[in-house]
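Engineer: predicted model and sequence below, questions to follow.
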Amino acid sequence: MPPSISSTITNFLHQSSPAPLQVTFATLEICSYQNEQLLHRVQRQQSRILLQQTPQKGMGEITLLDNLVFSFSFRFRLPSAPTLHEVDMRSLPRPLDQGRLYLDDEKLQLSFRIDAPDPSLRVQVTQVYRGILHLEHLQPTLCGQQR
């Protein structure tokens, strides 16, 4: 049985190690919607995120390494308990906004909007990661890039 996603993430973020943790999930499902209509659904195998602590106390950071268009990072308030957790995604790169992170034992779910000047062109994206396959502690470097 794969480890609990919520407790793995919560336990890592409450440790004092500066090394980032690369998490490989069994599956990633990405759904995009425009005007509440499904645009696209994609399933991927072995998708990765990079999880790390931030210098700002009480905050964690996730970098999505296998996103459809581009990799990006966001920050979030640390979970207080290794169970159900739902928080806002902070420091999203433009044109992304209105991000939410939902975390439980079985999944990591991210939802955010790709903004556009014309409201009818905005796209809502939901990404659901399931089943931890592999955990790897990476070596931190001076510039924040991992090797």
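Structural biologist: Great, that's in hand.
Engineer: which residue of this structure lies farthest from its centroid?
Structural biologist: residue 118 (26.9 Å; C-alpha atoms, centre = their mean).
Engineer: need phi/psi at that residue.
Structural biologist: phi -90, psi 110 (degrees, to the nearest 10).
Engineer: ok, it to residue 34 distance?
Structural biologist: Counting by C-beta to C-beta, to the nearest Å, the separation of residue 118 from residue 34 is 11 Å. Using the backbone N, CA and C atoms, a C-beta is placed for each residue, glycine as well.
Engineer: span of stretch 113-124 from start to end?
Structural biologist: Its start and end residues considered, stretch 113-124 measures 4 Å (C-alpha to C-alpha, to the nearest Å).
Engineer: bridged to the residue nearest to residue 91 when sequence neighbours are not counted, which residues?
Structural biologist: Leaving aside its sequence neighbours, residue 91 sits nearest to residue 75 (C-beta to C-beta, 6 or more residues apart in numbering; 4.6 Å). On the basis of DSSP bridges, residue 75 is bridged to residue 61, residue 90.
Engineer: still on that earlier bit, per-residue pLDDT, the residue farthest from the centre of the chain?
Structural biologist: Looking at residue 118, its pLDDT reads 96.
Engineer: kindly report the same for the one 5 residues further on.
Structural biologist: Residue 123 is assigned 97 on the pLDDT scale.
Engineer: so what's the gap between the longest strand along the chain and the chain middle?
Structural biologist: Ordering each strand of the chain by length in residues (DSSP state E) puts strand 37-53 first. Taking C-alpha atoms, centre = their mean, to the nearest Å, the mean C-alpha location of strand 37-53 is offset from the chain mean by 8 Å.
Engineer: what lines up beside that strand in the sheet?
Structural biologist: strand 21-34 (antiparallel), strand 59-64 (antiparallel).
Engineer: so the residue farthest from the centre of the chain versus residue 97, what's the distance?
Structural biologist: Residue 118 sits at a distance of 15 Å from residue 97 (criterion: C-beta to C-beta).
Engineer: distance of the residue nearest to residue 91 from residue 57?
Structural biologist: 12 Å.
Engineer: neighbour count: the two, which is higher?
Structural biologist: Neighbours were counted for residue 75 and for residue 57 using other C-beta atoms under 10 Å; residue 75 has more, 16 against 7.
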